[in-house]
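> Have a look at this fold, sequence not included:
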């Protein structure tokens, strides 16, 4: 018997149970359908979930489709979960799942602490990593903490669709994935041919550049004080002062810079009385683009246009 082979032959040793899907939404639906069949209890969701007239709700539509019971846990103005309230909800025994969204590709909570709570109450964790693919936390990738994780390919790559899920339980099978949930060969090929590391580093550089500008723009407050080592922000989320988010949004569009506002419209199930912090963020957030297509030469004009738009909106 050979003690050490000349090359590795154990194909299973480093394999992830990765199931490619048509979208992160399809991945979420597949997980929920499997879990609902195994356990009648519900799911706990963060109280910051949006709705689009065109796309619906990528997070909440799978909840409706699966007909699983649900409730919400509160988040603060930086979208950080309230672990104390979350523990009270888990301790009721009414929930089998907790859904954790890594908004903008950044961890909003000490994930190890949340995992410990889930283990204590026999609750499974689904990580929503739709805003990141390579992002991590202190040398560990987001999506590796929970029992499941869902990812969006088209948000990080130049594809029209595509997603995948990680199943750390080993209980889901790609052969059971419905045909309409399967990824297209074209999208899978584009994903395989994308230099994810280079595009992620470019995205991180652009984020860091835009954040530096904000130190001299008091009307825009970054959502995060710092980016943890290994994290890759999807974009640069800020809170716009004086309730002027919408004015600045359209002023930037006029000047050919296209921001977003995640989520400017919350699903109606998130009550403004019960979750005032969520509605504050929804009314004031603006996401400045920092994607990998923005070259260094573009950043000079980008900064100039942003400063001009700020001056006009706030009459500086």
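Cool, the structure landed. Everything quoted here is computed from the prediction, not taken from an experiment.

> How is the chain divided into domains?
The record's domain parsing of the chain by automatic domain parsing lists 18-192, 196-314.

> start to end distance for the last one?
Distance across domain 196-314, first residue to last, is 38 Å (Cα to Cα, to the nearest Å).

> need the domains of the chain in TSV with mean pLDDT, mean neighbour count and distance to residue 6, can you?
In this view, the C-beta of every residue, glycine as well, is placed from N, C-alpha and C. Listed next are these as TSV, based on pLDDT from 0 to 100; neighbours: other Cβ atoms under 10 Å; distance: least, Cβ to Cβ, whole Å:
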stretch	mean pLDDT	mean neighbour count	distance to residue 6
domain 18-192	94	19	27
domain 196-314	95	17	28
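
> want to throw those into JSON lines with distance to residue 4?
Shown next, in JSON lines, are those (distance: least, Cβ to Cβ, whole Å):
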{"stretch": "domain 18-192", "distance to residue 4": "28"}
{"stretch": "domain 196-314", "distance to residue 4": "30"}
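
> Of all those, which one comes closest to residue 9?
Among those, domain 18-192 comes nearest to residue 9, with 20.7 Å by Cβ to Cβ.

> the strands in the chain, which residues?
18-21, 42-46, 70-73, 95-101, 124-129, 136-137, 140-141, 148-152, 163-167, 220-222, 236-240, 285-288 (DSSP state E).

> which other helices and strands contact the last one?
On a contact count with 3 or more Cβ pairs under 8 Å, 6 or more residues apart in numbering; DSSP states H and E, strand 285-288 meets strand 236-240, helix 245-254.

> that older thread, CSV please, covering the strands of the chain and showing distance to residue 197.
As requested, these are exported to CSV (distance: least, Cβ to Cβ, whole Å):
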stretch, distance to residue 197
strand 18-21, 18
strand 42-46, 29
strand 70-73, 34
strand 95-101, 24
strand 124-129, 17
strand 136-137, 12
strand 140-141, 13
strand 148-152, 16
strand 163-167, 18
strand 220-222, 25
strand 236-240, 21
strand 285-288, 23
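
> looking at the ones you listed, which is closest to residue 258?
strand 285-288 (10.0 Å).

> which residues touch the closest one?
104, 210, 220, 223, 234-240, 245, 248-249, 259-264, 306 (Cβ atoms under 8 Å, 6 or more residues apart in numbering).

> hmm, 7 Å instead?
Contacting residues not belonging to strand 285-288 are listed as 210, 235-240, 245, 248-249, 259-262 [Cβ atoms under 7 Å, 6 or more residues apart in numbering].

> again with stretch 123-130
Applying Cβ under 7 Å, 6+ apart, the set of residues contacting stretch 123-130 from outside is 24, 31, 90, 95-102, 114-115, 118, 142-143, 145-152, 155.

> How much space separates the nearest residue to residue 26 once chain neighbours are set aside from residue 165?
For residue 26, ignoring the flanking residues on the chain, the nearest one in space by Cβ to Cβ, 6 or more residues apart in numbering is residue 181 at 4.0 Å. Per Cβ to Cβ, to the nearest Å, residue 181 is found 10 Å from residue 165.
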